[in-house]
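Participant: predicted model and sequence below, questions to follow.
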Amino acid sequence: MPTFHAPRGTRDLLPAERASFDRLSAIAADLSRRYGYAGIETPMFEQTAVFERGVGAVTDIVEKELFRIQPRTDEAESWSLRPEGTAGVVRAYVQHGLRTWPQPVRVQYVGPMFRYDRPQAGRYRQFWQWDVEAIGDAGPGIDAEIVELGHRFYTEAGLSDVRVLLNSIGDPTCRPPYIERLTTYFERHRATLPDLEQARLRTNPLRLLDSKDPDMAALIADAPRIVDHLCDACRAHFDAVCEHLDALAVPVRIEPSLVRGLDYYTRTAFEYYREGAEGQQQALGGGGRYDGLVELLGGRPTPGIGFALGLDRVVLALAEAGAERARPARPAAFVASAEAGDTVERLRIATQLRRAGVSARADLGGRKLGRQLEQASREDAHFAVILGDELREGTVQLRDLRAGTQHPVPLTDLAREILRDEASHRHG
RNA sequence: GUGGCCUUAGCUCAAUCGGCAGAGCAUCGGAUUGUGGAUCCGACGGUUGCGGGUUCAAGUCCCGCAGGCCACCCCA
């Protein structure tokens, strides 16, 4: 029994699972290239105030889920591991004067986020997100581009049944009057509200809208909907976003009760969820517009929009959907030898292949030839390069492990022949 | 942070009423020493999650802790 174990809510990604993440990262990278989003990297921890100001001091994420770093001294700054990515990116946007770049600034990144909450399947204290941000464009077109990009990711990852929940949560002009109206509505029914909901009525009335309490369903259905109380500017923006998405054939469902857990969202809010998924962890990703955030973090008033997709949940969803698992790369060639103790030759030939661009493994242990070929087969190598007496004439046996055939090849032609055959297999 | 269920070898699981901790898979090795994912044989592998208690005796009963899962809270 090991003495140590990975911290609660974290886990080790062994090569098989890591391969799934690599595959998703590759899809994200390719989409980023096609859509024109450049890579960015910000620290995994920031001054705690960045999150308190950016995410919102009274949100659950900051109030009870923040991973605070124990300060070294009384004078030390308070640091926290990032619970999400947008605040750090916006901090960087302000710090480096990215407002002087062509707007909007389109950036994206894959990385771990940290939240101190109770772990469950698909919910971890360290989890991975692909985050995409477009900062500096207030128009509805960029909203549609972002929403469609996120949806496209799921499609290319192999999840064909992901839909978009879309809502507008207004802006500082129209949201306060709406919240007032909503509060008045629920106040009228205060006596019938469960305790938890009564408390929320004071702290965050919008949250009542996505209560899971079945007793609330009827009340919520009759509640005033924010989409009916948007100001003219927000209304026009929302309609335009819908129109753009319609033109892109993105499967969108307007969800008037969708509110999101971060304070900085304005207008467009969206979530990706899987049709028919069981359990509570069916939110695969989400995002929204954050027109006040740059200013909150010390910059000039600047609009922005972005999303975060949970890679852990995509991996889980793919497994549930019965998708074929990604696998670690397999070698083109496996160098085996009939001679015991000639690791110098084995390594020399493997290295020659590697320098020529061939992925090659070699048995450097004491297995006898039969065992080495067994190993090569199980590692799914395409070729075995077998070293024997012919090596004195500069020749090895090249065995095609799939076809079960072999022939002698001069060392000088070895890499070229393997590469040629690999290429023809890729195309055929 | 609240409530519930669970934890035996690397993995999946057995172990009768409280009575000597096992199997399959995996790993490593062997089956007359230059050719394969099969088969057969063998080896390795455990403080039964950790700590305490009850008992002649605890994997089994009791308590605490840790971890996993489920439902909340919330979210990706």
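Facilitator: Cool, the structure landed. Numbering: from 1, shown residues only, chains lettered A, B, ... in the order given.
Participant: near RNA strand B, which residues of the stretch 51-200 of chain A?
Facilitator: Residues of the stretch 51-200 of chain A found near RNA strand B (CB under 7 Å from any atom of the strand) are A:59-61, A:64-65, A:84, A:115, A:117-125, A:127, A:129, A:196, A:200. In this view, the C-beta of every residue, glycine as well, is placed from N, C-alpha and C.
Participant: buried ones only from the residues you listed, please, as a ChimeraX command.
Facilitator: Restricted to buried positions by 16 or more other CB atoms under 10 Å, the ChimeraX selection for these reads:
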select /A:59,60,61,65,84,115,122,123,124,125,127,129,200
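Participant: now intersect the residues of the stretch 51-200 of chain A next to RNA strand B with the helices, please.
Facilitator: Among these, the subset assigned to helices under DSSP state H consists of A:60-61, A:196, A:200.
Participant: now these in CSV, with pLDDT?
Facilitator: Shown next, in CSV, are those (pLDDT from 0 to 100):
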residue, pLDDT
A:60, 83
A:61, 86
A:196, 75
A:200, 78
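Participant: quick one: which of those residues is nearest RNA strand B?
Facilitator: Proximity of those to RNA strand B (CB to the nearest atom of the strand) peaks at residue A:60, which lies at 3.9 Å.
Participant: and residue A:74, what's its pLDDT?
Facilitator: In the predicted model, residue A:74 carries a pLDDT score of 74.
Participant: what is the most widely separated pair among the ones in helices among the residues of the stretch 51-200 of chain A next to RNA strand B?
Facilitator: Greatest spacing in these, by CB to CB: A:61 and A:196 (18.7 Å).
Participant: show me where the stretch 51-200 of chain A dips below the pLDDT cut-off.
Facilitator: For the stretch 51-200 of chain A, applying pLDDT under 70 flags the ranges A:75.
Participant: swap the cut-off to 80 and go again
Facilitator: A:57-58, A:63, A:71-76, A:191-200 (pLDDT under 80).
Participant: can you give me the helices for the stretch 151-300 of chain A?
Facilitator: For the stretch 151-300 of chain A, the helices defined by DSSP state H, counting those that start in this stretch occupy A:175-188, A:195-203, A:217-222, A:232-247, A:293-296.
Participant: in TSV: the ones you listed, plus distance to residue A:17.
Facilitator: Below are those laid out as TSV (distance: least, CB to CB, whole Å):
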stretch	distance to residue A:17
helix A:175-188	42
helix A:195-203	37
helix A:217-222	38
helix A:232-247	34
helix A:293-296	34
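Participant: winner for burial among the ones you listed?
Facilitator: Of all these, helix A:293-296 carries the top mean neighbour count, a mean of 21, counting by mean count of other CB atoms under 10 Å.
Participant: my read: residue A:59 touches residue A:262, true?
Facilitator: Yes - using CB atoms under 8 Å, residue A:59 is in contact with residue A:262, at 6.1 Å.
Participant: residue A:308 contacts residue A:284, correct?
Facilitator: No - look at residue A:308 against residue A:284 with CB under 8 Å: they stay out of range, at 10.3 Å.
Participant: ok, these two, which is more surrounded?
Facilitator: Shown here are residue A:308 and residue A:284; by other CB atoms under 10 Å, residue A:284 has more neighbours (25 against 19).
Participant: related to what we said a few turns ago, can you tell me which of the ones in helices among the residues of the stretch 51-200 of chain A next to RNA strand B comes closest to residue A:319?
Facilitator: Nearest to residue A:319, judged by CB to CB, of those is residue A:61 at 27.0 Å.
Participant: next, count neighbours for the closest residue to that closest one other than its chain neighbours.
Facilitator: Counting by CB to CB, 6 or more residues apart in numbering, residue A:83 is the residue found nearest to residue A:61 once chain neighbours are left out, at 4.9 Å. Residue A:83 has 21 neighbours, counted by other CB under 10 Å.
Participant: residue contacts, residue A:83?
Facilitator: By CB atoms under 8 Å, 6 or more residues apart in numbering, residue A:83 lies in contact with A:51, A:55, A:61-62, A:65-67, A:113-115.
Participant: so which of the residues you listed wins on neighbours?
Facilitator: Top of these by neighbour count (other CB under 10 Å): residue A:55, with 26 neighbours.
Participant: so what's that residue up against?
Facilitator: A:61-62, A:83-84, A:87, A:262-264 are the contacts of residue A:55 under CB under 8 Å, 6+ apart.
Participant: right, and the helices of the stretch 151-300 of chain A - which one's nearest residue A:166?
Facilitator: Among these, the nearest to residue A:166 by CB to CB is helix A:232-247 (7.2 Å).
Participant: what's the angle between the closest one and helix A:175-188?
Facilitator: For helix A:232-247 against helix A:175-188, the angle by axes from the mean of the first three to the mean of the last three CA atoms, to 10 degrees is 90 degrees.
Participant: hmm, stretch A:309-316 in reach of RNA strand B?
Facilitator: Yes - for stretch A:309-316 and RNA strand B, the contact criterion (CB under 7 Å from any atom of the strand) is met by A:309-310, A:312-313.
Participant: CA-only coordinates of that stretch in CSV, if you can.
Facilitator: What follows is stretch A:309-316, C-alpha atoms only, in CSV (Å, rounded to 0.1, in the frame of the first residue of the first chain):
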residue,chain,number,x,y,z
LEU,A,309,-14.9,24.1,-21.8
GLY,A,310,-14.2,21.4,-19.3
LEU,A,311,-11.9,18.8,-20.9
ASP,A,312,-12.4,16.3,-18.1
ARG,A,313,-16.1,16.3,-18.7
VAL,A,314,-15.6,15.9,-22.5
VAL,A,315,-13.3,12.9,-21.9
LEU,A,316,-16.0,11.4,-19.6
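Participant: residues in contact with that stretch: which ones?
Facilitator: A:17, A:20-21, A:24-25, A:110, A:121-122, A:124, A:127-131, A:150, A:153-154, A:157, A:159, A:272, A:281, A:283-285.
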